[in-house]
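>>> Structure of the sequence below:
(chains A and B)
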Number of protein chains: 2
Amino acid sequence: MDWSSHYAARMGRMKGSEIRERMKLIAAADLIQLGGGLPDVSMFPVAAIAAACARILGDADLAGTALRYAPSEGYEPLRGWIAGALTRSGAPCTADNILITNGSQQGLDFAARLLLSPGDLVAVETPSFIGALRAFDAYEPRYAALPTAVGSRPPAGARFGYIGSDFQNPSGRTLSRAERLSLIAACDDAGVPLLEDGCYVDLRFEGDPIPSVFALAVQAAGDVEAVGVLHTGSFSKTLAPSLRCGWIAGPSAVIRKLVLIKQAADLATSAFTQMIALDLAEGCLDEQVARGRALYLRRRDAMLAALRDFMPPGVRWTRPEGGLYIWVELPDGVDGAAVAETALREQSVSVISGAAFFPQDPQRNTLRLSYSLASEDAAREGVRRLAGVIALAAGATSPVQR
Amino acid sequence: MDWSSHYAARMGRMKGSEIRERMKLIAAADLIQLGGGLPDVSMFPVAAIAAACARILGDADLAGTALRYAPSEGYEPLRGWIAGALTRSGAPCTADNILITNGSQQGLDFAARLLLSPGDLVAVETPSFIGALRAFDAYEPRYAALPTAVGSRPPAGARFGYIGSDFQNPSGRTLSRAERLSLIAACDDAGVPLLEDGCYVDLRFEGDPIPSVFALAVQAAGDVEAVGVLHTGSFSKTLAPSLRCGWIAGPSAVIRKLVLIKQAADLATSAFTQMIALDLAEGCLDEQVARGRALYLRRRDAMLAALRDFMPPGVRWTRPEGGLYIWVELPDGVDGAAVAETALREQSVSVISGAAFFPQDPQRNTLRLSYSLASEDAAREGVRRLAGVIALAAGATSPVQR
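From the prediction side, this is the model:
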């Protein structure tokens, strides 16, 4: 059978994530990894997870609950724990406001499934998280830029706006409190829902925390049930990605709709991994977050120092206060994809071309770096080699010491 | 914000599964459970899962692999194991023909996402698995009946046909070899792909196994790469549902498209639960399957005996050779939904009304029973009470002993 003639129209837009493809290469070769934003394996709380497994499976009642189907909305005690954490963050809510998802990626898919029909307009930051663009693509939207400067307005007719408020992937940028308040007011005024990606919010290692757009919107509306914002979160960056435990929060009426989507999509997230996540959330999470912040702060500083020491003139980069990413702008006319390719093939350094993070009209002279995986020494050496590639591409003959 | 004005058109069709809703009630009350088709908790290989967790997390390399992101296509050794099992079942294939999904439900969602645009026609058996109908509904198809008798043809213009070949949920019916061969030939001739749900195939407790439609189609085509059939499977019924490990098999070019869908939907299934599933597949799976067959055969026989002993005249039922379900046809004019409601409220017996298993034109005088959860004594007592409700509804004054 010629299957290609049977695919739905949406498949014409579905493409692979360069990052996910690159990850396979990374896993296979001995590279300096400045690309994928993966938590460092040394951060995984293996002993605590092993203890949680033994505790859960060692109790007949808990084991039965862990291994049978979970409710589609999620394991009630974990929903309650997440509601408590959101309440402490300034967004009072209950378990009814939470759906457990397979990582926050599934929350992005479900929000798009809830809100998008083919041809609808969705507003995203430029650049925006590539995984969100791939999730939205399945629902065949058009894209427009979502401006976030104070006083700006969402594009007319947008079905929703998507934002990463803290240490955004890929730019590393954080929205100020004033920008958040302005965005909430403008979107509320225009009747445009917001989808806030909160999966890095716990990884702030300097500066004062700013309440999430979700929390500020709940405070402005006076009640989570009246809010126009959905908020995703995840344990993937703080505990371990393969627990596949994330969540999406919002008004309970919206959550009930998302539960129908979850039922149809995969019935439920594993009760077992949800119970492990709860065990760790109540146990070692704070310590994990503190370890992660310390590790990634050291690695960020090493990368920033190397960028300062090695990059040729005309290269600019962001200085994130948390998260995993630095966004690099190359001199005009230097193609990030070509630089990434050369760095990989000739220098064994993996970085991600920035163009894929734009839904349209890509800014090609960009790269996304991550400091999550490389040791401080490796990052310094990787950035040194990368700078050489960039300098050559920019027409200089060697990296310039500044 | 009034979210209801923001939902996409597809949400008008998304509704809850009566079964999933009923499951919550079941969990809450002291009922005789003849409804949901859940594996019995006593079947879960708790000790083997605990040992697998300890083995995986006790090895630093394995633990790292288990807790980081898995490849979107799945954990390679598990894909290989499944390919081996399918090869032994008569469908020679390799890991490239397998995508790991969060239970087979996610494979149904993904197949529909691959193949359906709004308004497309999908052909399903009547009755059909309610979870499949809910998965397909998200893609806004029209439905038509898929006839499976020898010599019949798929409805013109169908984008694909969906079948449960063995001990179908909800009818308990198994397609004969001749019906399978005829269906394959007719669909191949009409250019209609097939989606075969194989999640009960291991639970055959009597009669000779029949090769799956997938295996027969691979044999007919001479090569899995040329086949027009996708096949889903799962460990949910043989190991434990909350491992959330299922798969979808097909030509590698189709699997690569489904991998793009998986990436966009939730990045990957948990590597940890995949590694546990592989450990058990290589270890206790055969023993598990044997235990399950023995348990469910005893329970089926108890339920069949009770049906024979207690049901009033005019009630008919199927005699499944495996799986978890018996389909009951009530006398004309007796409404299955009303019977189910009365049985639940007045007799504390949970059964599922059959109407929800029809995408349109429901046959209302039907019930789905499952023998998976109730002990033999409980099933007998439950069927006795149910028979009383049916007899009253049918206008008789008491259950008739036959």
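
>>> phi, psi of residue A:124?
phi -130, psi 150 (degrees, to the nearest 10).

>>> so what's it up against?
Residues counted as contacts of residue A:124 (Cβ atoms under 8 Å, 6 or more residues apart in numbering or on different chains) are A:132-133, A:136, A:143-146, A:161-162, A:359. Quick note: C-beta positions are derived from backbone N, CA and C, even for glycine.

>>> So which of these sit within strands?
A:143-145, A:161-162 (DSSP state E).

>>> need the residues you listed in JSON lines with distance to residue B:306, can you?
Output for the ones in strands among the contacts of residue A:124, formatted as JSON lines (distance: Cβ to Cβ, whole Å):
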{"residue": "A:143", "distance to residue B:306": "60"}
{"residue": "A:144", "distance to residue B:306": "63"}
{"residue": "A:145", "distance to residue B:306": "66"}
{"residue": "A:161", "distance to residue B:306": "58"}
{"residue": "A:162", "distance to residue B:306": "55"}
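
>>> and which of the residues you listed is nearest to residue B:201?
Closest approach to residue B:201 among those (Cβ to Cβ): residue A:162, at 41.5 Å.

>>> so that closest one touches residue A:128, yeah?
Yes. At 6.6 Å, residue A:162 counts as touching residue A:128 under the criterion of Cβ atoms under 8 Å.

>>> next helix or strand past the helix ranked longest in chain A?
With secondary structure taken from DSSP state H, chain A has its longest helix at helix A:285-310. Counting by DSSP states H and E, the next helix or strand C-terminal to helix A:285-310 is strand A:316-317.

>>> Which neighbouring elements make contact with that next one?
strand A:325-329 (3 or more Cβ pairs under 8 Å, 6 or more residues apart in numbering or on different chains; DSSP states H and E).

>>> Contacts for the strand it packs on, please.
Under Cβ under 8 Å, 6+ apart, the answer for strand A:325-329 is A:37, A:127, A:167-173, A:300, A:303-304, A:307, A:315-320, A:336, A:354, A:363, A:365-371.

>>> for stretch A:376-396, same thing?
Outside stretch A:376-396, the residues touching it (Cβ under 8 Å, 6+ apart) are A:32-34, A:298-299, A:302-303, A:305-307, A:309-312, A:314-315, A:330-331, A:334-335, A:338-339, A:342-343, A:346-349, A:351, A:369, A:371, A:374, A:397-400.

>>> List only those of these flagged as buried.
Buried positions within those, assessed by neighbour count (16 or more other Cβ atoms under 10 Å in any protein chain shown), are A:32-34, A:299, A:302-303, A:306-307, A:310-312, A:314-315, A:330-331, A:334-335, A:339, A:342-343, A:347, A:349, A:351, A:369, A:371, A:374, A:399.

>>> Near chain B, which residues of the stretch 51-200 of chain A? Just list them.
Residues of the stretch 51-200 of chain A lying close to chain B by Cβ under 8 Å from any Cβ of the partner chain are A:53-54, A:57-58, A:60, A:63-64, A:66-72, A:101-103, A:105-106, A:109, A:113-118, A:120, A:131, A:134-135, A:137-139, A:159-160, A:188, A:191, A:193.

>>> ok and the residue in the stretch 301-402 of chain A nearest chain B?
residue A:373 (10.4 Å; Cβ to the nearest Cβ).

>>> That residue is in contact with residue A:31, isn't it?
No. Using Cβ under 8 Å, residue A:373 is not in contact with residue A:31, being 9.8 Å away.

>>> which ones are touching residue A:30?
Contacts of residue A:30 (Cβ under 8 Å, 6+ apart): residue A:348.

>>> Excluding chain neighbours, what is closest to residue A:146?
residue A:123 (3.7 Å; Cβ to Cβ, 6 or more residues apart in numbering or on different chains).

>>> same question, residue A:366
Nearest one to residue A:366, counting by Cβ to Cβ, 6+ apart, is residue A:354 at 2.7 Å.

>>> pLDDT at that neighbour, what is it?
With respect to pLDDT, residue A:354 has a value of 97.

>>> Tally up the residues packed near it, please.
27 (other Cβ atoms under 10 Å in any protein chain shown).

>>> Now do the same contact list for it.
Counting by Cβ under 8 Å, 6+ apart, residue A:354 has contacts A:127, A:170, A:327-328, A:336, A:362-368.

>>> For stretch A:274-284, buried residues please.
Buried residues in stretch A:274-284, counting neighbours by 16+ other Cβ under 10 Å, are found at A:274-281, A:284.

>>> Just give the number of residues close to residue A:208.
When neighbours are counted by other Cβ under 10 Å, residue A:208 comes out with 7.

>>> can you check residue A:82 too?
Residue A:82 has 26 nearby residues by other Cβ under 10 Å.

>>> try the one 5 residues further on
Taking other Cβ under 10 Å as the criterion, the count of residues near residue A:87 is 16.

>>> In this structure it contacts residue A:93, no?
Yes. Between residue A:87 and residue A:93 there is a contact under Cβ under 8 Å: 6.0 Å.

>>> So which residues of the stretch 1-150 of chain A form helices?
A:18-28, A:46-57, A:60-67, A:76-88, A:103-115, A:130-137 (DSSP state H, counting those that start in this stretch).

>>> now the stretch 201-350 of chain A
Using DSSP H, counting those that start in this stretch, helices in the stretch 201-350 of chain A cover A:213-221, A:252-266, A:271-282, A:285-310, A:336-347.

>>> The longest one close to chain B?
No. In terms of Cβ under 8 Å from any Cβ, no part of helix A:285-310 sits within range of chain B; the closest distance is 12.2 Å.

>>> Residue A:316: what's it in contact with?
Going by Cβ under 8 Å, 6+ apart, the list of residues near residue A:316 reads A:328-329.

>>> For it, give its distance to residue A:365.
10 Å (Cβ to Cβ, to the nearest Å).

>>> And residue A:106, by the same measure?
33 Å.

>>> ok, now residue A:11?
31 Å.

>>> So for these two, which residue has more residues nearby?
Comparing residue A:11 with residue A:365 by other Cβ under 10 Å, the one with more neighbours is residue A:365, at 23 against 19.

>>> quick revisit: counting neighbours, which of the contacts of residue A:354 end up buried?
Counted by 16+ other Cβ under 10 Å, the contacts of residue A:354 give A:127, A:170, A:327-328, A:336, A:362, A:364-368 as buried.

>>> Give me the subset of those lying in strands.
Short answer: these in strands (DSSP E) are A:327-328, A:366-368.

>>> Now these in a markdown table, please, with extra columns for pLDDT.
A markdown table is the format used below for those (pLDDT from 0 to 100):
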| residue | pLDDT |
| --- | --- |
| A:327 | 98 |
| A:328 | 98 |
| A:366 | 98 |
| A:367 | 98 |
| A:368 | 98 |
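
>>> and of those residues, the nearest to residue A:242?
Using Cβ to Cβ, these come closest to residue A:242 at residue A:368, 23.0 Å.

>>> Now the closest one. Nearest residue, chain neighbours left out?
Closest to residue A:368 by Cβ to Cβ, 6+ apart is residue A:170, at 3.9 Å.

>>> Next: residue A:73.
residue A:259 is the one closest to residue A:73 (Cβ to Cβ, 6+ apart), at 4.8 Å.

>>> ok, how many other residues are close to the one you found?
Neighbours of residue A:259 using other Cβ under 10 Å come to 21.

>>> how about it, what does it touch?
Residue A:259 touches A:72-73, A:99, B:16, counting by Cβ under 8 Å, 6+ apart.

>>> so which pair among those is furthest apart in space?
Longest span within these, Cβ to Cβ: A:99 and B:16, 13.7 Å.

>>> Who has more neighbours out of the two?
Taking other Cβ under 10 Å, residue A:99 and residue B:16 do not tie; residue A:99 has more neighbours (29 against 15).

>>> bridging residues for that one?
On the basis of DSSP bridges, residue A:99 is bridged to residue A:248.

>>> Contact residues of the stretch 201-350 of chain A facing chain B?
A:226-228, A:236, A:240-244, A:251, A:253-254, A:257, A:259-261, A:263-273.

>>> Swap in 7 Å and give it another go.
Neighbours of chain B within the stretch 201-350 of chain A, by Cβ under 7 Å from any Cβ of the partner chain: A:227-228, A:240-244, A:251, A:253-254, A:257, A:260-261, A:263-267, A:270-273.
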